[in-house]
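Q: Generate a structure from the sequence data that follows.
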Amino acid sequence: MVANGYTEYDTIKIKLRIDDDSMRDEIQLYMHEVDDLVSNRLMAKIGKINIYGQEIVYPLTHTTIPTIPIELKAIANDLVVAKIRLQNSEKPLLWDSAVKVLEDYLERVYGYTSSGRFQPTRTFVVSPTSGIVGATVTISGTNFQPTSKITVIFDSINPTTTPTDIISDVKGVWTGTFSIPLTQPLGAYVIKVYDDFGGMVSKFQVI
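A: Model (predicted):
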């Protein structure tokens, strides 16, 4: 069975209502085929390199960027079931329908083509989102440029952060803190973080 593939043997057995391993070899053969199919369709959508110049590893797993979505695994399992039933009945309707579901999903979720590099979906979290002057604010992000310095701006200043230089890890994950200046007037402000490929903003209320 393919390790870290899109398909899952036990799930497929349940869908086929098989209690034993009498079809193990046949199921695993189609699992390989579907894993290759899904990887090739994904590669056509998001390419082999992301905007940071990193290789996109196929098949996707829980540690790759992008990670493998649960919905895609379900679609892949349905493809295997459809493939097996196609071979047994020679009726393509179920298989064609399963492939169409895959194509629609890739278009809806990714929507990219290999002519443009894949841009991971970034996240930026501020906690808390309001506080008094002197309050400590924790900021964190994911899918930023890997091993790069993150610049932080609160209002129009660069606050002193902990650590002093916030550096993302090899997966683009980072975290840090800073304190609201003691002289900051009450009101609504914007926290901005960015690397060489762009930034994100979040609101903060000084109360």
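Q: how far away is R108 from R17?
A: In this view, R108 and R17 are 30 Å apart by C-beta to C-beta, to the nearest Å. For the C-beta atoms, the positions are set from N, CA and C on the backbone; glycine is no exception.
Q: M43 now?
A: 33 Å.
Q: Have a look at the two and say which one is more surrounded.
A: M43 (13 against 6; other C-beta atoms under 10 Å).
Q: Doesn't that one lie inside a helix?
A: Yes. Assessed with DSSP: H, G, I helix; E, B strand; the rest coil, M43 lies in a helix.
Q: buried stuff in stretch 172-183?
A: Neighbour-count burial for stretch 172-183, counted by 16 or more other C-beta atoms under 10 Å, picks out G172, W174, T175, G176, T177, F178, S179, I180.
Q: Let me have the residues you listed in a markdown table, extended by pLDDT.
A: Listed next are these as a markdown table, based on pLDDT from 0 to 100:
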| residue | pLDDT |
| --- | --- |
| G172 | 94 |
| W174 | 98 |
| T175 | 98 |
| G176 | 98 |
| T177 | 98 |
| F178 | 97 |
| S179 | 96 |
| I180 | 96 |
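Q: Helices of the protein, start to end?
A: 9-16, 24-46, 70-89, 93-109 (DSSP state H).
Q: can I see the domain layout of the chain?
A: Domain ranges of the chain: 9-109, 123-206, per automatic domain parsing.
Q: quick one, what contacts the nearest residue to E8 once chain neighbours are set aside?
A: Excluding the flanking residues, the one nearest E8 by C-beta to C-beta, 6 or more residues apart in numbering is N77, at 6.1 Å. Residues in contact with N77 (C-beta atoms under 8 Å, 6 or more residues apart in numbering) are Y6, T7, E8, T11, I12, K15.
Q: Buried members of the residues you listed into ChimeraX, please.
A: Restricted to buried positions by 16+ other C-beta under 10 Å, the ChimeraX selection for those reads:
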select :6,7,8,11,12,15
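Q: Quick test: name the residue nearest the centre of this protein.
A: P66 (3.8 Å; C-alpha atoms, centre = their mean).
Q: List the contacts of that one.
A: P66 touches I46, I56, L60, F118, P120, T121, counting by C-beta under 8 Å, 6+ apart.
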